[in-house]
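structural data only, the sequence is not supplied:
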């Protein structure tokens, strides 16, 4: 479901454990986010939006335009 | 936390029970979303984005620009 999360992470050459540390969650929890086996809480959406500098709509696959409009 | 949800609903002259019916949840659950007492699941974010034709970033208060970029 959230394949875009993996693509963004790999584009930044980050490991799952690094993103998990940034989110203050376990690597297992983060892995489940990426696999779509656990829903993404809004605070995680917002933190990942900051980390990758992309819109939440892009994270969710609702747009192919990663730009954030402030 | 999610005051924007109430504003959007009231702008459309909708009742909480109407939005709840659209989301297939109880009015109590929807009320808790609006009050920020229950986190918004991603499927609810996406359905509300459709209902109001606004970006998820706008729903979450990350931008003041409601426009969706496809």
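Thanks, I have it. All figures in this text were calculated on a predicted structure; none of them were measured in a lab.

the helices in chain A, which residues?
Ranges of helices within chain A are A:3-11, A:16-23, A:27-35, A:42-52, A:56-59, based on DSSP state H.

run through who's touching the first one.
Outside of helix A:3-11, the residues that reach it under the criterion Cβ atoms under 8 Å, 6 or more residues apart in numbering or on different chains are A:15, A:16, A:19, A:33, A:34, A:48, A:52, A:54, A:58, A:59, A:60, A:61. Any C-beta I mention is one placed from the backbone N, CA and C, and that applies to glycine too.

and residue A:32, how many neighbours does it have?
Per other Cβ atoms under 10 Å in any protein chain shown, the neighbour tally for residue A:32 reads 16.

spit out the contact partners of it.
Per Cβ under 8 Å, 6+ apart, neighbours of residue A:32: residue A:38.

let me know the pLDDT of it.
If you check residue A:32, the pLDDT there is 96.

do the same with the one 3 residues further on
For residue A:35, the pLDDT comes out at 94.

one more: residue A:1?
Residue-level pLDDT assigned to residue A:1 equals 57.

so which of the contacts of helix A:3-11 reach chain B?
residue A:60 (Cβ under 8 Å from any Cβ of the partner chain).

may I see the contacts of helix A:3-11 organised as TSV, with neighbour count and distance to residue B:70 added?
Shown next, in TSV, are the contacts of helix A:3-11 (neighbours: other Cβ atoms under 10 Å in any protein chain shown; distance: Cβ to Cβ, whole Å):
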residue	neighbour count	distance to residue B:70
A:15	12	32
A:16	16	30
A:19	24	27
A:33	24	25
A:34	20	24
A:48	22	21
A:52	21	20
A:54	19	15
A:58	22	11
A:59	24	15
A:60	21	13
A:61	13	12
